[in-house]
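Structure here, sequence nowhere to be found:
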């Protein structure tokens, strides 16, 4: 993931809304992806978009608290805000997790458009649905760690900073998440 320059951050800290637009442009898609996966239990149209806007608003209001002189990456700071906001939403609204079957049906299967094998396409679609459902069933700590590692491609060190834990804890959560996913998927994989 690209990192925003310290100069842009300093300008934002001095009140530049134009510079903050650069931050939004750079992080909007990865943040949306992360929030979407964490809030898989959302039923309301536009819920994820609203959450992402609220996260950016929180970041804008609190950007003066980000210390550019530290070695902390801005993206880690932003993803920490996002994770905490999502956890707060889940607690407040009592949203239960579910599969993303409805959204996948709207978009269609995620397959190689050059593929001509309908059986393979159906199998791939079913596998993605099962995996999405399985990830949604993971405990929150494991779910956050696995999403940040495998969907956002962050390093163990960055994940540790976002989750406010040690690198060893991150590795342990990812290991346990993989074990749990294998257990959740074993019926499907044994076919």
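Looks like it arrived, so ask away. Predicted, not measured: the structure shown is a model, and the values here were computed from it.

can you give me how far stretch 60-73 is from the chain middle?
21 Å (CA atoms, centre = their mean, to the nearest Å).

Would you mind measuring the gap between the ends of it?
16 Å (CA to CA, to the nearest Å).

in that stretch, what counts as buried?
Buried positions in stretch 60-73, judged by neighbour count with 16 or more other CB atoms under 10 Å: 63, 66, 73. The C-beta positions use only the backbone N, C-alpha and C, and glycine is treated the same way.

and what of stretch 147-158?
Buried-residue list, stretch 147-158, by 16+ other CB under 10 Å: 147-149, 152, 154, 156, 158.

How far away from the center of its chain is it?
9 Å.

Renumber starting at 13 from here on
Sure, I'll start numbering at 13, so the last one becomes stretch 159-170.

now do the same end-to-end measure for it.
The first and final residues of stretch 159-170 sit 13 Å from each other (CA to CA).

Let me see the mean pLDDT of that stretch.
The average pLDDT within stretch 159-170 is 92.

With stretch 140-153 instead?
Mean pLDDT, computed over stretch 140-153, is 87.

sorry, back to before: from the buried residues of stretch 159-170, pick the one nearest residue 140.
For those, the residue nearest residue 140 by CB to CB is residue 159; the value is 14.9 Å.

Hmm, the closest one is touching residue 47, no?
No. Counting by CB atoms under 8 Å, residue 159 stays clear of residue 47, with 10.1 Å between them.

Which members of the buried residues of stretch 159-170 occur in helices, if any?
Among these, DSSP state H puts 159-161, 168, 170 in helices.

what's the most distant pair in those residues?
Pairwise over those, using CB to CB, the maximum falls at 159 and 168, 13.9 Å.

And the buried residues of stretch 159-170, which two are furthest apart?
Between any two of the buried residues of stretch 159-170 (CB to CB), the greatest distance is 13.9 Å, for 159 and 168.

the helices in the protein, which residues?
Under DSSP H, the chain gives helices at 18-25, 29-50, 59-74, 86-105, 113-119, 130-148, 152-162, 168-175, 179-201.

In terms of mean pLDDT, which of the ones you listed ranks lowest?
Checking each of those, the one with the poorest mean pLDDT is helix 113-119, at a mean of 41.

At the geometric centre of the chain, which residue do we find?
residue 46 (1.7 Å; CA atoms, centre = their mean).

isn't that residue right up against residue 162?
No. If you go by CB under 8 Å, residue 46 and residue 162 don't touch, sitting 11.6 Å apart.

which ones are touching the residue nearest to the centre of the chain?
With contact set as CB atoms under 8 Å, 6 or more residues apart in numbering, residue 46 has these partners: 91, 94-95, 159-160, 163-164.

how about a cut-off of 10 Å?
39, 64, 67, 90-91, 94-95, 98, 156, 159-160, 163-164, 166, 174 (CB atoms under 10 Å, 6 or more residues apart in numbering).
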